[in-house]
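J.: Structure for this input, please:
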Amino acid sequence: MFEQFIPVLMVLAVAALFAGLFLGLSNWLGPRRPDPLKDSTYECGIPVRGSTQIRFFVRFFLVAIFFLLFDLEAVFIYPWVIVYRAMLEAGHGAFALAEMGTFAFVLLVGFVYIWRKGGLEWQ
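T.: Numbering: from 1, shown residues only. Next up, the predicted model:
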């Protein structure tokens, strides 16, 4: 069984070797010209002001949850639709439908949460 993984391990070893080789060559051959301007933090051409420890608005996290909510929905529903016909033929159609109903209910709860918190209102 271990013999099946030898080609994969060889590819990973060659990739690690090349990555280490090129990183080492870059460090060894690359120019070293330290400069305070180059070592400063760069934020899209805007000078840094204030602390980096800032607080994010809840709206940012709500939008992230909203994105994950519908992204995971699409990732889960597409394979389910493909397999559903085979599950109907195997006699597991009610189970598959209940599984999707539970998933849709969890999505609905997340959607209502975002709606109540004002995540859908843009100002």
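J.: Only C-alpha atoms from now on, for both contacts and neighbour counts.
T.: OK.
J.: Quick check, pLDDT for the spatially most central residue of the chain.
T.: Closest to where the C-alpha atoms of the chain average out (C-alpha atoms, centre = their mean) is Leu68, at 8.8 Å. Looking at Leu68, its pLDDT reads 81.
J.: likewise the one 3 residues further on?
T.: With respect to pLDDT, Asp71 has a value of 85.
J.: Please tell me how far it sits from Pro7.
T.: Going from Asp71 to Pro7 by C-alpha to C-alpha, to the nearest Å gives 34 Å.
J.: And the residue sitting furthest away from the middle of the chain, its phi and psi?
T.: Of all residues in the chain, Arg33 sits farthest from the chain's C-alpha centroid, using C-alpha atoms, centre = their mean; the distance is 36.2 Å. Note on Arg33: its backbone torsions stand at phi -130, psi 80 [degrees, to the nearest 10].
J.: cool, Leu107 as well?
T.: As for Leu107, its main-chain torsions (degrees, to the nearest 10) stand at phi -60, psi -40.
J.: ok, and for the longest helix along the chain, which residues are buried?
T.: Longest helix of the chain, by residue count under DSSP state H: helix 58-89. For helix 58-89, the neighbour count (16 or more other C-alpha atoms under 10 Å) marks Arg59, Leu62, Ile65, Phe66, Leu69, Trp80, Met87 as buried.
J.: same thing with stretch 94-108?
T.: Those would be Ala96, Met100, Leu107, for stretch 94-108 by 16+ other C-alpha under 10 Å.
J.: Flag the least confident of those residues.
T.: Leu107 (83).
J.: ok, for it, nearest residue in space, not its chain neighbours?
T.: Closest residue in space to Leu107, ignoring its immediate chain neighbours: Leu69 at 6.6 Å, by C-alpha to C-alpha, 6 or more residues apart in numbering.
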